[in-house]
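# coords please:
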Amino acid sequence: MTKSKLGFIAVLATLLLTAGLVGARGRQIGQLSRFRITPAFAGTSYLQKMNSSYYVVNLDSKSPQIRVKHYLANSNGARRSDVDLTWTGQRGVYTNNAQAGYIYNLNLARENFWDGSFFIDGSWSPDSH
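Okay, the predicted model is just below:
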């Protein structure tokens with residue numbers, strides 16, 4: 001290879017590596033696609049918390065609209081937030097005592113013990129920014 005080709009490849013590799021690092025610092029967002037909730041809590045997959053901000057739950061509108069209970073938990077299953085409520089069709093931002101650099105999941109359930117199962121869609125993130 002010529003010297004100019006090696007230089008071009010080095011610059012290109014540096015740009016790609018830098019772009020990957022910038023993307024890695026952004027918040028992680030989990031999708032809720034036909035996520036089944038019942039009166040018992042069910043957990044999502046884990047996402048890494050990137051900073052000490054609030055956590056976000058964004059639920060798509062459904063018919064009928066329902067209220068969904070949720071809380072953030074660490075990989076040991078310990079709660080890292082209060083149990084909060086969000087209506088479908090709403091976005092909520094909630095306090096937590098989770099730490100950046102660790103993984104957490106969102107646990108969701110129907111509001112009342114007599115409610116049947118329901119499928120929801122939306123997204124969530126352990127970070128608000």
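# hey, where'd the helices end up in this protein?
Taking DSSP state H as the criterion, the chain carries its helices at 3-24.
# What ranges does it have for its strands?
Counting by DSSP state E, residue ranges of the strands within the chain are 30-37, 42-43, 47-48, 55-59, 67-74, 84-87, 91-94, 103-110, 118-125.
# Could you double-check that Tyr102 lies in contact with Lys49?
Yes: the pair Tyr102 / Lys49 is scored as a contact, 5.9 Å apart, by CB atoms under 8 Å. (Each C-beta comes from the backbone N, C-alpha and C, glycine too.)
# neighbour count winner among these two?
Lys49 (24 against 13; other CB atoms under 10 Å).
# That one and Ser33, how far apart?
Per CB to CB, to the nearest Å, Lys49 is found 22 Å from Ser33.
# The residue nearest to Gln90 when sequence neighbours are not counted bridge partners, please.
Nearest residue to Gln90 in three dimensions, chain neighbours excluded: Leu59, at 6.2 Å (CB to CB, 6 or more residues apart in numbering). For Leu59, the beta-bridge partners are Gly122 (DSSP bridges).
# Equivalent analysis for Asn105, please.
With DSSP bridges as the rule, Asn105 is bridged to Ala73.
# mind listing what it touches?
Gly43, Thr44, Ser45, Tyr46, Leu47, Leu72, Ala73, Ser75 (CB atoms under 8 Å, 6 or more residues apart in numbering).
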